[in-house]
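[1] Quick one, what's the 3D model for this:
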Amino acid sequence: MTRAWLLVLALALPARAESPAFNYVLHCQGCHLEDGRATAGSVPALAGSVGRLLRVPGGREYLVRVPGVAQSALDDVALAALLNWMLHRFSAEELPPDFAPYTAEEVAHGRRRPLTDVDGARRALMEAIERQTPAATSR
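    Numbering: from 1, shown residues only. This is a model prediction of the structure:
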């Protein structure tokens, strides 16, 4: 039932089958939701946060190596386009100033080494992001 509903939504979008927006609906939206919100207790938000991962060492690689990406049925070209679309769609303000789009080659390399400890890797990256962020309470 859920897949059928996603297909109906995908067909309603002004997108072609090979577009990143269409691929997001088919391959990502079931967990990350239409607007990139978190799925409580299981899936972290993309919206307003995924771009911050690219500001710390290991974050760029992390995005390619998480299971949903590394094990995607999409080819490397389509997956690189989808990652770039997601970053701009959900987290453009958080992207580093020197952001370079993902390439198919980069995606292919990262996919060969999927993460085994996703939660641990994410926790370490989030701690690195927090260390970078100036304390909001230092007034």
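
[2] what comes up buried for stretch 75-89?
    76, 78-87, 89 (16 or more other C-beta atoms under 10 Å). (C-beta placed from N, C-alpha, C; glycine too.)

[3] which outside residues touch it?
    Where contact means C-beta atoms under 8 Å, 6 or more residues apart in numbering, the residues beyond stretch 75-89 that reach it are 18, 20-21, 23-24, 27-28, 36, 46, 50-51, 54, 63-64, 69, 72, 74, 95, 99, 101-108, 111.

[4] Out of those, which sit inside helices?
    Applying DSSP state H to these, the entries found in helices are 20-21, 23-24, 27, 63-64, 69, 104-108, 111.

[5] Now the buried members of those.
    20, 23-24, 27, 63-64, 69, 106-107, 111.

[6] where does V43 fall, phi/psi-wise?
    Dihedral pair for V43: phi -130, psi 120, per degrees, to the nearest 10.

[7] Which strand residues bridge it?
    T39 (DSSP bridges).

[8] Could you tell me how many residues sit around it?
    Counted by other C-beta atoms under 10 Å, the residues lying close to V43 total 15.

[9] By pLDDT, give me the weakest of the ones in helices among the contacts of stretch 75-89.
    Among the ones in helices among the contacts of stretch 75-89, H27 carries the lowest pLDDT, at 89.

[10] That one and R112, how far apart?
    Distance check for H27 against R112: by C-beta to C-beta, to the nearest Å, it reads 19 Å.

[11] ok, residues contacting stretch 61-70?
    Against stretch 61-70 from outside (C-beta under 8 Å, 6+ apart): 27-28, 31, 50, 53-54, 79, 83, 102, 106-107, 109-111, 113-115, 118, 121-122, 125.

[12] Pull out the buried members of the residues you listed.
    Using 16+ other C-beta under 10 Å, the buried ones in the contacts of stretch 61-70 are 27-28, 50, 53-54, 79, 83, 102, 106-107, 110-111, 115, 121-122, 125.

[13] of these, closest to A40?
    A40 lies nearest to R122 out of these, by C-beta to C-beta, at 15.8 Å.
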